[in-house]
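K.L.:
below is the structure, and that's it, no one-letter string:
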């Protein structure tokens, strides 16, 4: 069983930056970040392969967000720059329980989820 704990959320002004972290207990493979705004479905933000060599981003965050991982620390990161009010959401990290050939960009593709961390961007 894998447990995921996110941290690093908070309140920031538009144009600012935040770095989210996701500490994992147990072995993880592909990992990703998702977000959910009030009244909306959970949506894909970014994904990364098990060794970190391959990444994928939603068009809405491409060029502003960077996903990375430190497998020695068993930690996933999301560096968020040039934040916009529309980035406001609860951000969740997710992990698969085995290796996948392709990066996983859908919620149903992940086996484990964190509890989420709130990110609020003020205008």
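P.N.:
Sure thing, it's come through. Here the structure is a predicted model, which is why all the values come from computation and not from measurement.
K.L.:
center of this protein, which residue is that?
P.N.:
Among the residues of the chain, the one closest to the centroid is residue 33, at 2.1 Å (Cα atoms, centre = their mean).
K.L.:
ok, and the closest non-adjacent residue to that residue?
P.N.:
residue 45 (4.2 Å; Cβ to Cβ, 6 or more residues apart in numbering). No exception for glycine: its C-beta is placed from N, CA and C like everyone else's.
K.L.:
and the gap between residue 99 and residue 86?
P.N.:
34 Å (Cβ to Cβ, to the nearest Å).
K.L.:
should've said residue 109
P.N.:
From residue 109 over to residue 86 the distance is 25 Å, taken as Cβ to Cβ.
K.L.:
now do residue 94
P.N.:
21 Å.
K.L.:
now residue 55
P.N.:
Residue 55 is 22 Å from residue 86, by Cβ to Cβ.
K.L.:
which one's more surrounded, the two?
P.N.:
Higher neighbour count among residue 55 and residue 86: residue 55, with 16 against 11, using other Cβ atoms under 10 Å.
K.L.:
that'll do, ta.
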